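J.: Okay, here's the prediction I keep looking at, along with the sequence it came from:
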Amino acid sequence: MIKAILTDIEGTITRISFVKEVLFPYAAKQLPTFVRANANKPDVAEQISAVKALIEKPNADIEEVISTLLTWIDEDKKITPLKQLQGLIWQTGYEHGDFKGHLYPDAFDFLQAQYNNDIALYVYSSGSVKAQQLLFKYSDYGDIRSLFTDFFDTKVGAKQEQMAYNTIVELLPFKAAEILFLSDVAGELDAAQAAGLKTLHLIRDGQASTKAHPYINDFSQFKLEQLV
Ligand SMILES: CSCCC(=O)C(=O)COP(=O)(O)O
Ligand SMILES: [Mg+2]
């Protein structure tokens with residue numbers, strides 16, 4: 001029996017183009033100024049140090065760090081310090097009303113229905129917890145953060161690694177088999193399944209994909225019986 005749902009964001013409940021054509025370009029444009037201006041603030045300094053450690057250049061200057069981060073944005077790298085910085089930068093965009101957090105209408109209806117049905121909702125995205133909460137605070141449907149019990153990002157591990165799901169299960173008051181993981185990425189579903197979670201693949205907007213997991217094209221097709 002499913003008692004909890006753990007959902008991905010991009011491609012699952014949010015259109016990929018919102019992330020790739022709105023959020024990422026905004027972060028890329030603001031990042032150089034933001035990092036230069038805030039380099040000494042603890043939450044930014046921590047990410048700068050993490051970038052230097054990852055590129056194994058402890059003496060890299062700020063411009064090299066910025067150029068590394070911009071390359072990672074271009075390559076859609078899900079690297080924790082980049083994702084943490086993006087969350088900090090998007091805050092201004094949301095607060096200024098430059099964009100709202102996009103959710104597919106069927107996803108919003110689905111999440112609300114599950115919440116009303118006492119299914120606990122959790123989020124696991126490569127976007128930082130801050131970025132997740134901003135998207136839900138400034139969503140097309142208003143502030144919907146209260147639908148979710150908790151939020152996880154790559155601080156628990158990478159999304160295609162089984163260990164990350166083991167860690168999440170240890171943190172939740174449910175058995176792995178009572179949790180349904182939703183994602184648009186087969187590798188993430190494989191990792192969740194290896195950890196014992198139930199899986200459901202969202203294959204939206206005509207995306208080509210393998211069909212190794214139960215799948216739907218949108219949440220109007222959701223049926224509990226299709227989950228094995
Ligand atoms: C949390 S909103 C920003 C989404 C993002 O930065 C991202 O990398 C999306 O990854 P996901 O794991 O949700 O597919
Ligand atoms: Mg996704």
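T.: Great, that's in hand. Ligands and ions are numbered 1, 2, ... in the order given.
J.: What distance do you get for the residue of the chain positioned farthest from its centre to ligand 1?
T.: Distance from the C-alpha centroid of the chain, by CA atoms, centre = their mean, peaks at Asn59 (31.0 Å). To ligand 1, Asn59 is 29 Å away according to CB to the nearest ligand atom, to the nearest Å. Heads up, the C-betas are built off the backbone N, CA and C, glycines and all.
J.: For that residue, which non-adjacent residue is spatially closest?
T.: Spatial nearest neighbour of Asn59, chain neighbours left out: Lys52 (7.9 Å); criterion: CB to CB, 6 or more residues apart in numbering.
J.: Give me the residues contacting the one helix or strand that neighbour maps to.
T.: If you go by DSSP states H and E, Lys52 is part of helix 42-54. For helix 42-54, the external contacting residues (CB atoms under 8 Å, 6 or more residues apart in numbering) are 34-35, 38-39, 58-60, 62, 65, 68-69, 79-82, 84-85, 88.
J.: Can you flag the buried ones in the residues you listed?
T.: Among the contacts of helix 42-54, those classed as buried by 16 or more other CB atoms under 10 Å are 34-35, 38, 60, 65, 68-69, 79-82, 84-85, 88.
J.: okay, the residues you listed in a markdown table with secondary structure and pLDDT next?
T.: Converted to a markdown table, the buried ones among the contacts of helix 42-54 look like this (DSSP: H, G, I helix; E, B strand; the rest coil; pLDDT from 0 to 100):
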| residue | secondary structure | pLDDT |
| --- | --- | --- |
| Phe34 | helix | 97 |
| Val35 | helix | 98 |
| Asn38 | helix | 97 |
| Ala60 | coil | 98 |
| Val65 | helix | 98 |
| Thr68 | helix | 98 |
| Leu69 | helix | 98 |
| Ile79 | coil | 95 |
| Thr80 | helix | 94 |
| Pro81 | helix | 97 |
| Leu82 | helix | 97 |
| Gln84 | helix | 95 |
| Leu85 | helix | 97 |
| Leu88 | helix | 96 |
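J.: So of those, which two are at opposite extremes in space?
T.: Ala60 and Leu88 (19.9 Å; CB to CB).
J.: Any residues of this structure in contact with ligand 1? List them.
T.: Neighbours of ligand 1 within the chain, by CB under 6 Å from any ligand atom: 8-11, 19, 23, 78, 83, 86, 125-127, 131-132, 135, 159.
J.: Looking at the record's assignment, how would you partition the chain?
T.: Annotated domains of the chain cover 4-15+101-226, 19-95 [automatic domain parsing].
J.: any idea of the mean pLDDT in the helix holding Lys52?
T.: Helix 42-54 comes out with an average pLDDT of 98.
J.: and that helix, how far from the chain's centre?
T.: Relative to its chain's centre, helix 42-54 lies at 20 Å (CA atoms, centre = their mean, to the nearest Å).
J.: cool, stretch 78-90 as well?
T.: Centre to centre, stretch against its chain (CA atoms, centre = their mean), the figure for stretch 78-90 is 11 Å.
J.: So the residue lying closest to Gln193 once chain neighbours are set aside, which state does it fall into?
T.: Of all residues not flanking Gln193 in the chain, Thr199 sits nearest, at 5.0 Å (CB to CB, 6+ apart). With DSSP: H, G, I helix; E, B strand; the rest coil as the basis, Thr199 sits in strand.
J.: What distance do you get for Thr199 to ligand 1?
T.: Thr199 is 15 Å from ligand 1, by CB to the nearest ligand atom.
J.: just checking, that residue touches Pro214?
T.: Yes. With contacts counted by CB atoms under 8 Å, Thr199 reaches Pro214, the gap being 7.0 Å.
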